[in-house]
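Colleague: here are the coordinates; sequence isn't available:
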């Protein structure tokens with residue numbers, strides 16, 4: 001199972017789900033120790049800001065981040081849950097979960113997966129830059145971008161509620 005949460009819910013989510021893999025999508029200056037029960041090599045830390053365009057002094061997500069995410073997710077053996085988190089559990093982590101679902105299901109309909117994301121999280125507002133780069137790298141020909149546009153911006157929230165992202 002693929003779980004999504006905010007930083008403040010990370011340790012509780014890992015403990016309650018028995019997750020053995022974690023993806024951290026957060027600003028570089030944030031110190032996020034590997035949660036108890038997760039081997040250091042199964043904790044992917046991707047450092048970038050939650051932005052979609054270049055802003056002076058901030059680090060936008062880039063294709064290397066997406067390549068690393070795709071490699072990590074594809075190496076996940078699914079014997080124990082994977083948790084993807086960001087600061088608030090709304091933008092970077094929901095984009096990561098959507099990208100993971102698309103990567104793990106190359107034949108899956110992007111629009112159906114986006115609908116499942118919305119049904120799972122009312123506040124999900126996936127980072128459009130992450131989705132666009134993944135769409136390109138996965139050869140989805142704009143369908144991932146269109147599908148996320150189709151579900152629209154999520155409900156206003158300071159922090160997302162932890163949820164499970166369906167993988168098929």
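Modeller: That came in fine, so what should we check first? All values reported here derive from a predicted model rather than from experimental measurement.

Colleague: CA atoms for contacts and neighbours, from now on please.
Modeller: Fine.

Colleague: mind listing the strands for the protein?
Modeller: 2-6, 21-26, 43-47, 82-86, 163-165 (DSSP state E).

Colleague: return the distance of the residue located most distally from the centre of the chain relative to residue 87.
Modeller: Residue distances from the centre of the chain (Cα atoms, centre = their mean) peak at residue 56, which lies 24.3 Å from the mean C-alpha position. Distance of residue 56 to residue 87, computed by Cα to Cα, to the nearest Å: 21 Å.

Colleague: try residue 156
Modeller: Taken as Cα to Cα, the span from residue 156 to residue 87 is 15 Å.

Colleague: among the two, which residue is more densely surrounded?
Modeller: Just comparing residue 156 and residue 87: by other Cα atoms under 10 Å the higher neighbour count belongs to residue 87, 22 against 12.

Colleague: check contacts around the more buried one.
Modeller: Taking Cα atoms under 8 Å, 6 or more residues apart in numbering as the criterion, residue 87 is in contact with 6, 7, 8, 25, 26.

Colleague: with adjacent residues omitted, what lies nearest to the residue nearest to the spatial centre of the chain?
Modeller: By Cα atoms, centre = their mean, the chain has its centre lying nearest to residue 96, at 1.9 Å. The shortest distance from residue 96 to any non-neighbouring residue, by Cα to Cα, 6 or more residues apart in numbering, is to residue 84 (6.9 Å).
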